[in-house]
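[1] here you go, sequence then predicted model.
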Amino acid sequence: MSQPYTITTAISYPNGRPHIGHAYEVIATDAIARFQRMMGRDVFFQTGTDEHGLKMAQTARGRGMEPRDLANEMSGYFKDMNDRLNISYDRFIRTSEPDHHRASQAIWQAMEANGDLYLGRYEGWYSVRDEAFYDEKELSEGEGGQKLSPQGTPVEWTVEESWFFRLSAYQQKLLDLYDSQPDFIQPDSRRNEIMRFVEGGLSDLSISRTSFDWGVKVPGSDGHVMYVWVDALTNYLTGCGYPDDAGRMARYWSEGGDITHIIGKDIVRFHTVYWPAFLMSAKIPLPRQVFGHGFLLNRGEKMSKSLGNVADPMELAERFGVDQLRYFLLSEVTFGNDGSYSAEAIVARSNSDLANSFGNLAQRTLSFIAKNLDGRLPEPAPSDEDKELLRSISEATDIFKKAMADLAPSVAIEAWMRAVFACNAYIDAQAPWALRKTDPSRMEAVLATLYEAIAHLAIMIQPVIPASASALLEQMGLDENRRDYDAIGTDWYAALRASGFTLAPPRPLFPRLELTEADA
Ligand code: ME8
């Protein structure tokens, strides 16, 4: 059986519709999941919605509806977005689902059994927007003396009876973890930030609420619901079969397992301090890595509802195309850093890389074959230059694979793009259209080389632009089980020729995108 690989996104608060930041995270994670599947791994990829907590309860109240109805409505938009963006999730989890309540109560009981929970009284600052408690020393002052969290959101003084988790007991264990597993927090800048925070000392964490009831009930403690982050983080275990399905857990969440959480930089603390502490307490294995990606900014500015600059990913996908949007986000932004998007940038990137470079290469090669050879696949007679081109593509594939395995999609795409340029330089140098009259057999050899090269480029880039790449491979006659990385380096071309396959006139893959006046 192939080696398991577990990968998750954060689960989103469905207190509004998804924005481009949500789309970015799930697209990046999807590309990595697809890549690992192409490497033959048994991937479990989970995403979903985080439906409990005060933020959901307050938003619902503001709209005069029940939290459950708000969650049902909005979660649907997140799921639709995933389906529209071609996200290959294995499970879309909703934290209101019964198996998730069961998992959350089980981890609670395991932490309790370990002696890490106690009943007390919480007095302190809480931000509903962040669903987070803060120490006085972390706060700043905004307009009218309003206290603000480090994220700039308002905090309120909160006093209530609460269960506590003995987080203070985990300081050294966490520091040891960061030490012994240096890749646990990535990128390194986030790791340093978290290490400094933990070195500064940890207070026990309030993990239940009594002032509202929209959440997972605390077992054996009437009137208490779990602090939303306790149940939210547990979603990762629910999807892996915790606590009832030991076989599934052994596969997707085991000691030393290849488990990666992809999340945004604002929630790294929850995933790298609270989460490993909860897991240690409950005696459950830890994930291998937490990767905190950067934020997506609208033309360099933070998106916010009040600025009215929150982009709807569905509109962008509708207008520019799903693969164009995916390609833009993954190539333009170095994974881990903040990045900016704008209509101009999406159009420029898509036209230069996809339409002009790759699309045009495929289109002119394939239509030339369809027209001049009536779709018969040209006969190879590889010269040194031909071999050199194919060798450079196979090298680019190795770089691509390494970069994707290291969670660096923009580096992977750069290697792909260099290989596309190499093909374009080759086609210009060999000028097959000029060979048609002077040396038809050399023309065939050049076209055969290009045919293989283009197929390999399409195979390579599938995790990023899955629909366009597979449409191209389909047109080119590559069998579905011949489209993973192993196909590169086999003699699929000879087999395809021998099968008598004929190429139909190709359909263009990437239309040239245009800006409108509204984009200026
Ligand atoms: O934080 N650019 O949910 P959420 C890039 N429910 N990523 C962004 C972003 C932006 N502008 N804005 C948000 C939550 N994100 C919790 C998570 S996980 C157990 C619980 C990212 O809907 C954000 O960093 O506020 C997070 O990873 C994800 O979108 C969901 O954010």
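    Cool, the structure landed.

[2] only C-alpha atoms for contact and neighbour calcs from this point on.
    OK.

[3] worst-scoring helix or strand of this structure, pLDDT-wise?
    strand 296-298 (a mean of 90; mean pLDDT, DSSP states H and E).

[4] closest point of this protein to the ligand, which residue?
    Gly264 (3.0 Å; CA to the nearest ligand atom).

[5] that residue: how many residues sit nearby?
    Neighbourhood size, Gly264 [other CA atoms under 10 Å]: 21.

[6] and for Asp183, the neighbour number?
    16.

[7] my bad, should have said Pro243
    18.

[8] what does this protein put close to the ligand?
    10-13, 21-22, 25, 50, 232-233, 263-267, 294-297 (CA under 6 Å from any ligand atom).

[9] returning to that earlier point: which strands and helices sit next to the least confident helix or strand of the chain?
    helix 20-38, strand 339-341 (3 or more CA pairs under 8 Å, 6 or more residues apart in numbering; DSSP states H and E).

[10] give me that answer again for 7 Å
    Counting contacts by 3 or more CA pairs under 7 Å, 6 or more residues apart in numbering; DSSP states H and E, strand 296-298 packs against strand 339-341.

[11] strand partners (parallel or antiparallel) of the strand it packs on?
    Sheet pairing of strand 339-341 (DSSP bridges) gives strand 296-298 (parallel).

[12] any idea which helix or strand comes after the strand it pairs with?
    With elements assigned by DSSP states H and E, the helix or strand that comes after strand 296-298 is helix 313-320.

[13] quick check: angle from that next one to helix 20-38?
    With axes from the mean of the first three to the mean of the last three CA atoms, to 10 degrees defining the directions, helix 313-320 sits at 70 degrees from helix 20-38.

[14] what is the mean pLDDT for the helix or strand that helix 313-320 is followed by?
    Of the helices and strands lying after helix 313-320 in sequence (DSSP H and E), the nearest is helix 322-332. For helix 322-332, the per-residue pLDDT values average out at 98.

[15] same for helix 322-332, what does it pack against?
    Applying 3+ CA pairs under 7 Å, 6+ apart, we find helix 322-332 packed against helix 20-38, helix 343-349, helix 409-430.

[16] for that helix, which positions count as buried?
    For helix 322-332, burial by neighbour count (16 or more other CA atoms under 10 Å) applies to 322-332.

[17] okay, buried residues for stretch 356-365 please.
    Neighbour counts over stretch 356-365 (16+ other CA under 10 Å) mark 356-363, 365 as buried.

[18] among those residues, which ones are in helices?
    Under the assignment DSSP state H, these contribute 360-363, 365 to helices.

[19] for the stretch 201-350 of the chain, what are the low-confidence residue spans?
    Scanning the stretch 201-350 of the chain for pLDDT under 70 picks out 305-307.

[20] now with 90?
    298-311 (pLDDT under 90).

[21] quick check: the residue nearest to Tyr89 when sequence neighbours are not counted vs Asp99, distance?
    Of all residues not flanking Tyr89 in the chain, Phe45 sits nearest, at 5.1 Å (CA to CA, 6 or more residues apart in numbering). In this view, Phe45 and Asp99 are 17 Å apart by CA to CA, to the nearest Å.

[22] domain map for this protein?
    4-293, 352-499 (the TED database).
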